[in-house]
Structures are given as C-alpha cells and as structure tokens.
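*Asks:* need a structure here:
(one chain, ligands or ions: 1)
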Amino acid sequence: MFLIIHLTTHPGHVLRISRDDKYRRIGRERLLYSQSYINITGYDHGFHGELGRTAEKMTFFFPCVSSAGSEYQVLVAIIVFFLCLRWLFRQKKQQIPPSWPLLGSLPALVCNMNRVLDWWTDVFISLGKNTFYLNCPIFSNLNYVVTCHPKNFEHILKTKADNYPKGRSFDEAFDVLGDGIFNAESDSWLAQRKTAKSIFTTIQFRRFVNDTLQTVVDEKLLPLLARAAREGSTLDLQELIMRFTFDVINITISGKDLGGLYEDFPSDVLSQAIDDGQEAILFRLSTPKPLWSLLRLLRVGPEKKLAKAWETADGCIVDLILRKKEQLLKGIESEANSLLSNHIRSQGENSDWSKARVMFLRDMVLNFFLAGRNTTAAGVMWFIWAVCRNPRVEEKILQELRLAISRKQSKEGSKDSSDQEYKNKQQPWSTFDLDDVGDLVYLHAAICESLRLYPAQPMNLKSAIKGDVLPDGSVVKPGVKIMISMYSLGRIPSIWGNDCLEFKPERWILPDGTLDNDKISKLFFAFSTGKRSCLGKNTAFAIIKLAAAAVIFNFQVQVPEDQPVIKPGIMLEMKGGLKIKVKERASRPF
Ligand code: HEM
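*Replies:* Purely as a prediction, here's the structure:
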C-alpha cells in the first residue's frame, strides 16, 4: 500500500494526493490517482503554467502505515504537500530553467532539444534576465552560462576576448577543421587572420567577388527562377540558395566552379559531405564526449558519417589544390584572384608544395568554405522570406532598387555610346552590381533586421580561462563554457520593445535617413565583434545584396503563410526547406 502524491499540469487539478494501490490513467495526462484523494485547485494561470511545467513528472510514493488509518495518512499527505509546494516555489523563484536533483536541467534541455534557441529565449524572458546558468550533470559536458546580454557580448568577444577562447570542447568537436583559422589560437591564428584580411580588403578581390556574383546570378540563378516561373513549378528556395552560395563561395575561395547550380541539379559530393559533417559536429556538441569518442572509435552512427565526409572533403579539396599547383607551374593560372591563389602567391616566388603545406592549404579552403557557404545561404534565404512576407518592406526595397537602376542608366547614358554595353545588351532581366547597391540605406537596414531576427549563425561558444564577473553581474567560474545566443538577443522585448518580433528595417535608420551606426555597433552581433569577428562580413553583405536584389526585383516570390520551423543545427536553416512559387514581375519600370 502506497500513498501517492502526483503533481500534474491538468487544468484545475494542480495537485492530487491519493491513497491506494490502484493507479489509473486519465485522458492524455499520465495521472496516477486512486479512489480517495485531495484535490487542491484555484491557482492562477501564470503560476500554473510555470509550476505545471516543473511539476509534470513529479510523483511521490509514501509507504502507508495501514489502510485503515486514513486521517493519519491525509495529515501526512498535507504536510508533505506543503513541503513540496515550498520546494516548488523556490524552484520557480530561483531556478528557471527547472533543475532536478542529480540531473539538473538536463531533462528540460532534452525536452527542448528540437527548439533550443526558442527555449533559451523563453527562459530569458521568464527570468527577466539576459543570462542564466544551465546546470547539467558533470558527465554530460553540457554545463553552460547562456547569455544574450549585449554588454556581455561586448565584454566576452571584445574587451576581455583573451579570457574567452573557443576552448577545448570546440577544438575537439571541430577537429575536422585541422589547423585552419577557426580552430587556431595565438600566433598561428594571427598569421592566418593577417593574410586573409590583407586579401579580403584588396580592390582586386572585391572586384573578383562582384564579377563572380554577377556571373552566377545572371547565368545560373535567374535562368533557373525564370524556368520555374514559366513552368509554374514549386521550388525549394533553401536548396536553390545553398547551391548558389556553394558556387559563389567555391569560385571565390578556390577559383573553380564545381557546378552546384547546373540546371539539372546534379548531386554534389563535396556539398553533401559538408552537410553530413555539420550534422555530426552538432551531435558532438550536444552529446557527452565519452559517448561520441566511443562511437568514433567504433566508427558507427554519426561518427561513421563524419569520417566518410572528412575523407570526401579532403579528396575534393586536395584535388583542387593540386590542379591549382599544375596551373601555376605551367603558367596558365585561371581565377588568379581567388583566395587560394592569393594565399599561394603570398609565399613569394618559390611556393612550398610539401605535404604539410598542401594540408595547411586544405585546412584554409575547408575553413573558409564552412565559414562562408551555409551562413551566407541562410542569410540570403531568410532575407528573401522575411521581405516577401512583408509587402510594405518589399515595396520600399523595390523603390530603392528602381532608383538605383535609373541612376545607373543615366550614368551609362552619359558615357560614349560605344561603352554602352549595359544599354545595348538586351537582358531579359535587371541585375545589379556592388556599385549600384552598395549605398542603398533601406536595403542595408533590411538585411540587418533580417539578421537580427534570423542570425545565420545563431550562437557562439566560448570558454572562460579565468573566473570573471560579466557586466550584468553574472559570475563566471574558471573553465566554464559560455553560450552566446545571438538568436535570443534579437527577441527580447526589454531590448527592442514589444514589437521585437516584427520585421522593421526602420529600426536601423536615423530620422535623417542615414544608417544608425551607433545602434549597429552596440546591438548588431550577427557577425560577432572584436578580434575574431567575421572576416567575410563585407563579402556576405555583398552576396545577400546582389542575390536578393536580383531575385526580388525580377520576380514575385510567393512564400508559404506558415512560420517555418527551425532545423536544430549550427546554422539557422529551415526544417523541410522553403517551398516557393515565382512569377516574373509584369513591369520593372526604369
Ligand atoms: C551571413 C553570413 C555570415 C555570417 C552570419 C557569419 C558569422 C560569423 C561569426 C558569428 C563569426 C565568429 C565565429 C566565432 O567567434 O567562433 C564568423 C567568423 C568567421 N567568418 Fe563569417 N559569417 C558569414 C559569412 C562569412 C563569409 C562569406 C566568409 C568568407 C568567405 C566568412 C569567414 C569567416 C571567418 C574566416 C571567420 C573566423 C574569423 C577568426 O576566427 O578570426 N564568414 N563569421
């Protein structure tokens, strides 16, 4: 015989205390109850919501003295009830997310694994604080300080960046990146960063990015959309844009077009390998290390996939490097402005082709490919989706683009007629280059707004070397991991106001019509900040601007009504893709 106390989320039956050894199920709730029970009701809804979530799984079994002593049992039950209630109140006050003895917040984390970004945001909002401690059992390797406080971002990423490297768990999870810029620290990182920065900032490299983009947009992306418009077929925009950025980033980095956007959409091994690799890395980041180490040893599950992806990526990239070497030795180098060619040239006349050097170049190519491809694809896709869901914003962007086109036309018109390539070329659609869109304020603000709500890289993992106190007063112990949630930052009403979930590019524009650069420096963290901030930020803006402008200006994109579901992952992708229909715009007034 047991006395059963069950706390449930069932409306109006928050707590039941029952006595008997017969358990029954009621409806969907996993309720245990018996013939006699005390039912305590009357809690307000807010309390019920919080308590209910915590209490759902609480069931206590108490041995009873005898079946006859019912008054005595009820008294014990009431005392136990009030003790539980006091405990739960403490939980509610002090412990959001819920924390259980021994398991800590692990059950809550597991329950919310497929919506972890939104769960963190819920926790921040319920707490009324922008930092919390996620305490999980030591073995789980999932203890974090989670923060979305902008001043903490600044502190961790910039002011005290030396105290917050990526840490061992990052290096271990991302070992596939080798000694590339993402994993590197100290001198090796500094040298790589300096070389890459000097390449990214040259006019030749920017021109090369611009020309590459124009070619891929004009010759591949727009024809595919035009065909879909003619045939009235449905397209997966996510898939299409992934292939588009695959081509753009590939040409930019290695100089070679691997043809991700050919009309018949051939399956691409490198692209697939990178996707498989990212999935496996996510598994590593969310699983205790001993478990994934064991799987790696046995070469099973996600670790088997990762090992295969690794081999494939190595094969493809080393092949690209060796072809480039051949071209250079024969003096017939194509795409001499690519990142790879620039890197090789940075060594001077006598390039080192030792195995170690080839592997270093392999790490460089893979790191930049991973850094640039999926992030930019997510940036373009969410931007097109957000704009097409907001006709007011779409119209304002179209107005700006019309002005840009007429400005370009009048510039071309004032040139010698033999130069009027643009005018004479009977293009079926209008395209833009960086000179046309570089200074469009509304377009730029709309991209910031889209990355505020949908940061392509939604979180950033760091690890504290020494103990510290963050600007919001949160204490950081030595060795603790810090999860910076860029996704949550964009969704906190106390930072953005109650309309924080609305898509309003005007947030980033001052009353005089210029960009609010002060706000951008304080609240825009999609590309991180400080010494390890994104090296490809300008490239990413260029890609989003040119691709999205060309798509939106030439086509009406019909996106689904429903809010897309976010796929759990390192990048912000949509689960199941984004199915769209397109129609060519009837008039593209000049
Ligand atoms: C919308 C697109 C992009 C977003 C949102 C983005 C975001 C970021 C973020 C948040 C970081 C910091 C990572 C960390 O601290 O661990 C980063 C680093 C980096 N990004 Fe990007 N990125 C984008 C596109 C690109 C592109 C196109 C490239 C180059 C082709 C690139 C190259 C890099 C590199 C090399 C780093 C490492 C910098 C370092 O550790 O010193 N990114 N990016």
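
*Asks:* for the closest residue to the ligand within the stretch 201-350 of the chain, what are its contacts?
*Replies:* Using Cβ to the nearest ligand atom, the closest approach of the stretch 201-350 of the chain to the ligand is made by residue 249 at 5.9 Å. (Glycine included, C-beta is placed from N, CA and C.) By Cβ atoms under 8 Å, 6 or more residues apart in numbering, the residues touching residue 249 are 368, 369, 372, 373, 376.

*Asks:* just the residues you listed that are near the ligand?
*Replies:* 368, 372, 376 (Cβ under 6 Å from any ligand atom).

*Asks:* JSON lines please, covering those residues and showing secondary structure, pLDDT and neighbour count.
*Replies:* Below are those laid out as JSON lines (DSSP: H, G, I helix; E, B strand; the rest coil; pLDDT from 0 to 100; neighbours: other Cβ atoms under 10 Å):
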{"residue": "368", "secondary structure": "helix", "pLDDT": "93", "neighbour count": "24"}
{"residue": "372", "secondary structure": "helix", "pLDDT": "91", "neighbour count": "24"}
{"residue": "376", "secondary structure": "helix", "pLDDT": "96", "neighbour count": "27"}
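
*Asks:* just curious, which of the residues you listed is nearest to residue 346?
*Replies:* Distance to residue 346, by Cβ to Cβ, is smallest for residue 368 among these, at 14.5 Å.

*Asks:* give the contact list for the closest one.
*Replies:* Contacts of residue 368 (Cβ under 8 Å, 6+ apart): 180, 181, 196, 249, 253, 339, 536.

*Asks:* quick check, pLDDT for residue 412.
*Replies:* At residue 412, the model reports a pLDDT of 74.

*Asks:* how about residue 299, nearest residue that isn't a chain neighbour?
*Replies:* Excluding the flanking residues, the one nearest residue 299 by Cβ to Cβ, 6 or more residues apart in numbering is residue 307, at 6.0 Å.

*Asks:* actually residue 448, sorry about that
*Replies:* In space, not counting the residues next to it along the chain, residue 448 is nearest to residue 508; the distance is 4.7 Å by Cβ to Cβ, 6+ apart.

*Asks:* surely that neighbour touches residue 521?
*Replies:* No: look at residue 508 against residue 521 with Cβ atoms under 8 Å: they stay out of range, at 11.5 Å.

*Asks:* more neighbours, the two?
*Replies:* residue 508 (22 against 11; other Cβ atoms under 10 Å).

*Asks:* residues in contact with the residue in the chain positioned nearest to the ligand?
*Replies:* Of all residues in the chain, residue 536 sits closest to the ligand, at 2.1 Å by Cβ to the nearest ligand atom. Applying Cβ under 8 Å, 6+ apart, we find residue 536 in contact with 200, 368, 371, 372, 376.

*Asks:* show me the shaky parts of this protein.
*Replies:* Across the chain, the ranges flagged by pLDDT under 70 are 1-70, 88-95, 262-269, 334, 349-350, 414-427, 587-590.

*Asks:* show me the domain layout of it.
*Replies:* The chain breaks down by automatic domain parsing into domains covering 2-93, 176-457+490-584.

*Asks:* spit out the contact partners of residue 374.
*Replies:* With Cβ under 8 Å, 6+ apart, residue 374 has these contacts: 242, 245, 274, 278, 456, 571, 573.

*Asks:* got the residues of the stretch 351-500 of the chain near the ligand?
*Replies:* Close to the ligand, as judged by Cβ under 6 Å from any ligand atom, the stretch 351-500 of the chain has residues 368, 371, 372, 375, 376, 379, 456, 457, 460.

*Asks:* cool, and the stretch 151-300 of the chain?
*Replies:* 181, 182, 193, 249.

*Asks:* I'd like to know how far the third one sits from residue 584.
*Replies:* What it means is residue 193. Here residue 193 is placed at a distance of 44 Å from residue 584 (Cβ to Cβ, to the nearest Å).

*Asks:* can you get me a residue count around the residue nearest to residue 489 when sequence neighbours are not counted?
*Replies:* Excluding the flanking residues, the one nearest residue 489 by Cβ to Cβ, 6+ apart is residue 148, at 4.3 Å. Residues near residue 148, counting by other Cβ under 10 Å, number 27.

*Asks:* please name the residues that touch residue 525.
*Replies:* 150, 153, 157, 455, 484, 486, 489 are the contacts of residue 525 under Cβ under 8 Å, 6+ apart.

*Asks:* mind listing the helices for the stretch 451-590 of the chain?
*Replies:* Ranges of helices within the stretch 451-590 of the chain are 486-489, 493-496, 517-523, 537-554, based on DSSP state H, counting those that start in this stretch.

*Asks:* returning to what we had before: out of the residues of the stretch 151-300 of the chain next to the ligand, who's the most crowded?
*Replies:* residue 249 (28 neighbours).

*Asks:* which element follows the helix or strand that it is a member of toward the C-terminus?
*Replies:* Assessed by DSSP states H and E, residue 249 sits inside helix 237-254. The C-terminal neighbour of helix 237-254 among helices and strands, as given by DSSP H and E, is helix 269-285.

*Asks:* list of residues touching the next helix or strand after that following helix?
*Replies:* Once the chain leaves helix 269-285, the next helix or strand it forms, by DSSP H and E, is helix 289-298. Where contact means Cβ under 8 Å, 6+ apart, the residues beyond helix 289-298 that reach it are 139, 141, 169, 172, 283, 284, 301, 302, 303, 304, 306, 307.

*Asks:* in helices, which of the residues you listed appear?
*Replies:* Counting by DSSP state H, these place 169, 172, 283, 284, 301, 302, 303, 304, 306, 307 in helices.

*Asks:* so what's the third one up against?
*Replies:* Counting by Cβ under 8 Å, 6+ apart, residue 283 touches 292, 301, 302.

*Asks:* separation between it and residue 503?
*Replies:* According to Cβ to Cβ, residue 283 stands 33 Å off from residue 503.
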